[in-house]
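Asker: I need the structure of the sequence given here:
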Amino acid sequence: MCFSQHYEFETVIDLEATDVISQGKTGTCWSFSASSFLESEIMRISGKKIDLSEMYNVRHTYPKKAWNYVMRQGKTQFSEGGLAHDVINSIREFGLVPNDVYSGLKNENENHNHSELVSELNKVLDEYIADSKDYKTDWKEDIETILNNHLGENVSAFNYEGINYTPLSFLEFTNINPNDYISITSFNHVPYHSEFILNIPDNFSNGKFLNVPLDELVSITNTALKNGFSIELDCDVSEKTFSSKYGIAVIPENELESTEALKTIMKEKSITQELRQQEFENYNTTDDHLMHITGLLKDQNGVLFYKVKNSWGKNSERVGNDGYIYMSEAYFKLKTISIMVHKDPLNYILYKKTSWN
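Answerer: Predicted coordinates for the structure are as follows:
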């Protein structure tokens, strides 16, 4: 294998996806990535190209986060963060709407900025927790008012291409079944082929994950992509060798070569289950960011990379590869927290090993 060459990539698989957009100044990558994932699923299932509303999911998830925070008396995290299954939970209960029906942008704003929104929500919740008996109004109604002021009131009915829908009937129109999607991870502190609640800060809703060996996680991902199914990805992006500017994510064997590894091919670390676990337990791997895997590439040495759709915009000096990250298998193996995928690509043996099917 030849090293110290500039990257040259050849497309292996390129699944249909909607355009790269920006989540703006928000921590809602979980909704942007999962919405992109669902948009690709709709195209795969029905051929329809629909720009889904990311903020509709956010609007319905904040009250549930707030309830969790209040009932735990502030002894948990309340933030903008979330996970892919929060979008699945939202659409199961509240359905889907197109983005032009609910953009979450008010007062002619063109970009999302939730700094004031989060500050106002936190103020209400913390005041109520500090002295619930002296709180003069209904905190739940106050949360709804803040969300309405910043994102817009909820949608109960709308017209799409000349047909009237409710959000739930529109979900039915897309042929998306929320029960078809499963979150999968790989850690050795719980038995393989069992489900467990992954204890990470953004898992406020106590979502369950199927635990599989690392090689199986990679196999499931590659098999899904090769069969036309894209993948939702939760991973750590805090490494110096994750670069939006260069559009590259790698794990060089020599950490001193991290800057050079973004531009030229370097030998990567061999990633084991034990190293992955160690990095998770010492907090070097955290649930920083969610994105959408839409394909496979290979470099000039035949090494596979994942084509990962990000939500930090494109056509900027700080964003390479048109808003996509080309992620090596080594990076994926070490820094992935979890994936979410349709159940169909999972092989028969995996179905038989588990109790969730």
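Asker: For the helix or strand Lys307 falls within, name the packing helices and strands.
Answerer: Element membership for Lys307, per DSSP states H and E: strand 304-309. Judged by 3 or more C-beta pairs under 8 Å, 6 or more residues apart in numbering; DSSP states H and E, strand 304-309 is in contact with strand 10-14, helix 214-226, strand 289-298, strand 324-328, helix 329-335. Every C-beta, even on glycine, is put in place using the N, C-alpha and C of the backbone.
Asker: can you list contacts of that strand?
Answerer: Outside strand 304-309, the residues that touch it by C-beta atoms under 8 Å, 6 or more residues apart in numbering are 9, 11-14, 17, 20, 33, 36, 221-222, 225, 233, 249, 291-299, 323-329, 332.
Asker: in its sheet, what does that strand sit against?
Answerer: strand 289-298 (antiparallel), strand 324-328 (antiparallel) (DSSP bridges).
Asker: Phe242 is nearest to which of those?
Answerer: Closest to Phe242 of the strands paired with strand 304-309, according to C-beta to C-beta: strand 324-328, at 7.3 Å.
Asker: follow-up on the earlier one: and the strand holding Lys307, how far out from the chain's middle?
Answerer: Centre-to-centre, strand 304-309 and its host chain are 15 Å apart (C-alpha atoms, centre = their mean, to the nearest Å).
Asker: can you give me the mean pLDDT across that strand?
Answerer: What strand 304-309 shows for mean pLDDT is 98.
Asker: now it against strand 10-14, angle please.
Answerer: 60 degrees (axes from the mean of the first three to the mean of the last three C-alpha atoms, to 10 degrees).
Asker: Send me strand 304-309 as PDB with only the CA atoms.
Answerer: Only the C-alpha atoms of strand 304-309 are listed here, as PDB (Å, rounded to 0.1, in the frame of the first residue of the first chain):
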ATOM      1  CA  LEU A 304     -13.100   2.000   1.700                       C
ATOM      2  CA  PHE A 305     -14.500   5.200   3.000                       C
ATOM      3  CA  TYR A 306     -18.000   6.100   4.000                       C
ATOM      4  CA  LYS A 307     -19.700   9.100   2.200                       C
ATOM      5  CA  VAL A 308     -21.300  11.000   5.100                       C
ATOM      6  CA  LYS A 309     -23.800  13.800   4.600                       C
END
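Asker: thinking again about what came up before, show me the one of the strands paired with strand 304-309 that comes nearest Leu217.
Answerer: With respect to Leu217, and counting by C-beta to C-beta, the nearest of the strands paired with strand 304-309 is strand 289-298 at 12.4 Å.
Asker: need the helices for this structure, in chain order.
Answerer: 29-46, 54-71, 84-94, 115-130, 139-151, 167-174, 214-226, 258-261, 273-281, 329-335, 348-353 (DSSP state H).
Asker: If you count neighbours, what's buried in the second one?
Answerer: Read it as helix 54-71. Neighbour-count burial for helix 54-71 flags 54-62, 64-66, 69-70 (criterion: 16 or more other C-beta atoms under 10 Å).
Asker: and what of the fourth one?
Answerer: Using 16+ other C-beta under 10 Å as the burial criterion, the residues of helix 115-130 that qualify are Leu117, Val118, Glu120, Leu121, Val124, Leu125, Tyr128, Ile129.
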